[in-house]
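[1] With the input below, show me the fold.
(chains A and B)
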Amino acid sequence: MRSCEWRDLGRMGYGEAFEQQRALVEQRKHAEIPDQFLIVEHPPTITLGRNGHIDNLLAREELLERAGIAFHHTDRGGDITYHGPGQIVGYPILDLREWKRDVAAYVRAMEQVIINALSDFSLAGERVPGMTGVWVDGAKIAAIGVHISRWVTSHGFALNVTTDLSYFQYIVPCGLVKPVTSMAALGVMAQRQDVIERLVVHFGRVFDFEMAGELVYD
Amino acid sequence: MTDVVMPQMGESIVEGTLTKWLKKAGDHVERDEPLFEISTDKVDTEIPSPAAGTLREVLVEEGKTVGINTVVARIDEAGGNGVGAAAPAAKPAAAPPPQPVQAQAPAPPAPAAEAAPPPPVQAQSPAPQTVAPAPAPDSEPVEPAGPLSPLVRKMARENNIDLSQVKGTGAGGRITKQDLEAYLAQQQAPRAPSPAPPAQKPAAAPAPPAQAPRAYVPPAAPSTAKVRVEPMSTMRQKIAEHMVMSQRTSAHVTTIHRVDMTNVAKVRDRQKADFQTRYGLSLTYLPFVVRATVEALRTYPIVNASIEGTNILYYNEINIGIAVALENGLIVPVIRNADEKNVLGLQRAIVDLAARARSRQLKPDEVQGGTFSITNFGSYGSMMATPVINQPQVAILGVGAVTKEPVVIADAIAIRSMCYISLTFDHRLIDGALADQFTAKVKSVLESWSEEVL
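    Down below sits the predicted model:
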């Protein structure tokens, strides 16, 4: 069975996490490391994808700064999104040539991981055709945006666990005028590490990986 | 000249949006150097150049969406630095990762150009209705009508489905993913009920111990009376087995407490309408009882346990089974980590599990792993009952109907919403005093309810 190393980086700035990803992507391209699954939590940050529309940012950058929100242009797919405390961000760095050379299948599989993990908390996550991400009762609970270079993936997903949803007021998430939600808003008081554990388990199952790594918490 | 085409980024993907040129016309490019970026379904991909040379023509501008294999640019290898000549048009065989240059012929899509590796062998499909059930070591099941998508094949393989048993509803009788899902659901439904249903039927309740139920072995063929013989369903047999096994295993004792639900009733009445509009769920008493039970289980962990030989297994999770009556039986889906949910989360889980139990769509692991069970016979009007323990658990809580009763409070008669809760416990592990402390804890949480539900 192929193996995948996973790690929880804890709280880390978007830029720093991005540099880590970039370094790992390079190593992965040269087959120096196995597939990776990074988990991180960002401080309040708004990121705009390569094809994003700046008009989906509803506040001027200075205003964001005053609200303590970082702003980054980034090279993932998708439009604008918010990252912040209470959100589990997953960055799989996989060489898709060893799985499937299919970006759509990759995105669907990532959705499946999240759907399966949510179902362990009795939440019925679902797909909405044409709107990548995971939805519960018509509200978006997880966003997805990916970058691929030579079939090696970076960026990934962001799942709202206890995210303060009021931050989404600054943006039109992914350019969609649809509500966002979180596990907490749906009545699930899950601990971050428990959700991570379920995500890792399902990630392994969906992508057919042996997951190497361990939960270390203080 | 080498044509650069829009690559196919996946089986179901028929087009891509060219989002950015990383080189301009006239630029020199190395083979495998990122040339442009495309975007498909929230995925941005850098596409490397299929050849070294000079980018002569850019045929598709940024922002345009074109079909796969559309020529988006031409590279002039002659203008390159010699190396280019090595890679003439047609041979992108071991090409750069995302199989970009597809030769000129808009021939069959990707797989042809790709040699051996993983891509699903699509051409192979016409395998005409072979009867051999397990041909390759891969044991691909028999190929039924029409070609199968790799997804369908994979699902079939992973779930061990014999595709000849599946009815295809796609074009030309082709089997689609939905067909497989429907087939799986159908297969799983009858299997689901197996695990551990607890007893609940008030009917079986007050059987005086003296009655020695085992003595009543019904005669195999009642000689005179007219009968209709009907085999028991699998579920019925399982329930029967499980009930008797439980009675044989545990030393069942039941204690009953009376609970004043007036506070809960007030919260419920106040928020019912809001709850319905906001979440589309009706707010019942049950999630309050589950919440209170969770508190009691936290306080008395021995009730959230099992006996194994001479050991006590204390569960670190609180997974509460909720008995759901089905048309011809019952099933006990499990709310996992119930201690992590508030009333809203519990109500949502109860409604979801019950609905899927009735439509037989529970997944096997949703009826396993319970550490304690609750049965709500009150919903059928029962006031009190003595449920049977759901093995290998050591107790089960029964909830009777909530009714308004005259109650003496401070020597005055008041009208209160009352109900009885009964705890059947395994006296092997739990003694009466602890069982009553546990039940009293459930009662006190309910009676002094303070948590907001919205």
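
[2] Quickly list what residue B:405 is bridged to.
    residue B:416 (DSSP bridges).

[3] and it, how many neighbours?
    For residue B:405, the count of nearby residues is 13 (other Cβ atoms under 10 Å in any protein chain shown). All C-beta spots, glycine's among them, are computed from the backbone N, C-alpha and C.

[4] For it, list the residues it contacts.
    B:415-418 (Cβ atoms under 8 Å, 6 or more residues apart in numbering or on different chains).

[5] any idea how far the spatially most central residue of chain B is from residue B:332?
    Centroid-nearest residue in chain B, with Cα atoms, centre = their mean: residue B:363, separated by 5.3 Å. Distance, residue B:363 to residue B:332, by Cβ to Cβ, to the nearest Å: 14 Å.

[6] And the pLDDT at the residue nearest to residue A:161 when sequence neighbours are not counted?
    Setting aside the residues directly before and after it, residue A:161 is nearest to residue A:183 in space (Cβ to Cβ, 6 or more residues apart in numbering or on different chains), at 5.0 Å. We have a pLDDT of 95 for residue A:183.

[7] For residue A:183, what is the enclosing helix or strand?
    Assigned by DSSP states H and E, residue A:183 belongs to no helix or strand.

[8] where's it relative to residue A:17, distance?
    If you go by Cβ to Cβ, the gap between residue A:183 and residue A:17 works out to 22 Å.

[9] Those two: which is more packed in?
    Each of residue A:183 and residue A:17 has its neighbours counted (other Cβ under 10 Å); residue A:183 has more, 27 against 20.

[10] my guess is the residue nearest to residue A:161 meets residue A:141, correct?
    Yes - under the criterion of Cβ atoms under 8 Å, residue A:183 makes contact with residue A:141 at 7.0 Å.

[11] Buried ones among the contacts of residue B:405?
    Among the contacts of residue B:405, those scoring as buried are B:416-418 (criterion: 16 or more other Cβ atoms under 10 Å in any protein chain shown).

[12] Now pLDDT and distance to residue A:88 too, for the residues you listed, in a markdown table please.
    Putting the buried ones among the contacts of residue B:405 into a markdown table (pLDDT from 0 to 100; distance: Cβ to Cβ, whole Å) gives the following:
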| residue | pLDDT | distance to residue A:88 |
| --- | --- | --- |
| B:416 | 93 | 45 |
| B:417 | 94 | 41 |
| B:418 | 96 | 44 |
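
[13] the bottom helix or strand of chain A by mean pLDDT?
    helix A:61-66 (a mean of 80; mean pLDDT, DSSP states H and E).

[14] Next, the buried residues of stretch B:25-40.
    Within stretch B:25-40, the residues that count as buried by 16+ other Cβ under 10 Å are B:29-31, B:34-40.

[15] Could you pull out the helices in chain B for me?
    B:110-113, B:150-159, B:177-191, B:234-249, B:262-279, B:286-299, B:343-358, B:432-447 (DSSP state H).

[16] Give the burial count for residue B:316, as a bare number.
    Neighbour count for residue B:316, taken as other Cβ under 10 Å: 7.

[17] ugh, wrong one, I meant residue B:414
    By the criterion of other Cβ under 10 Å, residue B:414 has 12 neighbours.

[18] got the contact list for it?
    Residue B:414 sits next to B:406-408 when contact means Cβ under 8 Å, 6+ apart.

[19] for the chain, what are the low-confidence residue spans?
    No chain specified, so I'll use chain A. Residue ranges of chain A with pLDDT under 70: A:173-177, A:214-218.

[20] oops, I was thinking of chain B
    Ranges of chain B meeting pLDDT under 70: B:79-154, B:158, B:162, B:164, B:169-174, B:187-224.

[21] Let me see the domain layout of it.
    B:2-112, B:150-191, B:202-207+B:230-447 (automatic domain parsing).

[22] can you redo those domains as a markdown table with distance to residue A:158?
    Converted to a markdown table, the domains of chain B look like this (distance: least, Cβ to Cβ, whole Å):
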| stretch | distance to residue A:158 |
| --- | --- |
| domain B:2-112 | 12 |
| domain B:150-191 | 26 |
| domain B:202-207+B:230-447 | 21 |
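
[23] and of those domains, who's closest to residue A:49?
    domain B:2-112 (7.2 Å; Cβ to Cβ).

[24] Would you quantify the distance from the residue nearest to residue A:161 to residue B:291?
    Residue A:183 sits 18 Å away from residue B:291, going by Cβ to Cβ.

[25] Then residue B:243?
    Applying Cβ to Cβ, the value for residue B:243 to residue B:291 is 28 Å.

[26] of the two, who's got more company?
    residue B:291 (24 against 20).

[27] what's the burial count for residue A:152?
    22.

[28] Dig out what it forms beta bridges with.
    With DSSP bridges as the rule, residue A:152 is bridged to residue A:95, residue A:149.

[29] need the contact list for it.
    Residue A:152 neighbours (Cβ under 8 Å, 6+ apart): A:25, A:28-29, A:93-96.

[30] hmm, 10 Å instead?
    A:24-30, A:35, A:93-97, B:46, B:97 (Cβ atoms under 10 Å, 6 or more residues apart in numbering or on different chains).

[31] Mind jotting down where the strands sit in chain A?
    A:2-11, A:35-41, A:45-48, A:70-73, A:80-83, A:87-93, A:126-128, A:131-136, A:139-149, A:152-160, A:209-212 (DSSP state E).

[32] Now distance to residue B:73 too, for those, in a markdown table please.
    Listed next are those as a markdown table, based on distance: least, Cβ to Cβ, whole Å:
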| stretch | distance to residue B:73 |
| --- | --- |
| strand A:2-11 | 35 |
| strand A:35-41 | 32 |
| strand A:45-48 | 27 |
| strand A:70-73 | 25 |
| strand A:80-83 | 30 |
| strand A:87-93 | 29 |
| strand A:126-128 | 34 |
| strand A:131-136 | 28 |
| strand A:139-149 | 19 |
| strand A:152-160 | 23 |
| strand A:209-212 | 37 |
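
[33] The spatially most central residue of chain A and residue A:84, how far apart?
    By Cα atoms, centre = their mean, chain A has its centre lying nearest to residue A:157, at 1.8 Å. Separation of residue A:157 from residue A:84 (Cβ to Cβ) stands at 15 Å.

[34] for residue A:3, same thing?
    31 Å.

[35] which one of the two has more residues nearby?
    Shown here are residue A:3 and residue A:84; by other Cβ under 10 Å, residue A:84 has more neighbours (22 against 12).

[36] Identify the residues contacting the more buried one.
    Shown in contact with residue A:84 (Cβ under 10 Å, 6+ apart): A:41-46, A:68-70, A:158, A:160, A:163-165, A:167-168.

[37] How about it: what's its closest non-neighbour residue?
    Counting by Cβ to Cβ, 6+ apart, residue A:84 lies nearest to residue A:44, which is 4.3 Å off, once chain neighbours are set aside.

[38] The one you found contacts residue A:72, doesn't it?
    No - Residue A:44 lies out of contact with residue A:72 (Cβ atoms under 10 Å); the separation is 11.7 Å.

[39] Next, show the common contact partners of these two.
    With contacts defined as Cβ under 10 Å, 6+ apart, the residues adjacent to both residue A:44 and residue A:72 are A:14, A:83.

[40] who's more crowded, the two?
    Shown here are residue A:44 and residue A:72; by other Cβ under 10 Å, residue A:44 has more neighbours (19 against 14).

[41] Residue B:228 versus the more buried one, what's the distance?
    Using Cβ to Cβ, we find residue A:44 at a distance of 70 Å from residue B:228.

[42] before we move on, what about residue B:322?
    Applying Cβ to Cβ to residue B:322 and residue B:228 gives a distance of 34 Å.

[43] These two: which is more packed in?
    Comparing residue B:322 with residue B:228 by other Cβ under 10 Å, the one with more neighbours is residue B:322, at 24 against 4.

[44] you'd agree the more buried one is up against residue B:357?
    Yes - using Cβ under 10 Å, residue B:322 is in contact with residue B:357, at 8.9 Å.

[45] list residues touching both of the two?
    Jointly contacting residue B:322 and residue B:357 under the rule Cβ under 10 Å, 6+ apart are B:331-333.
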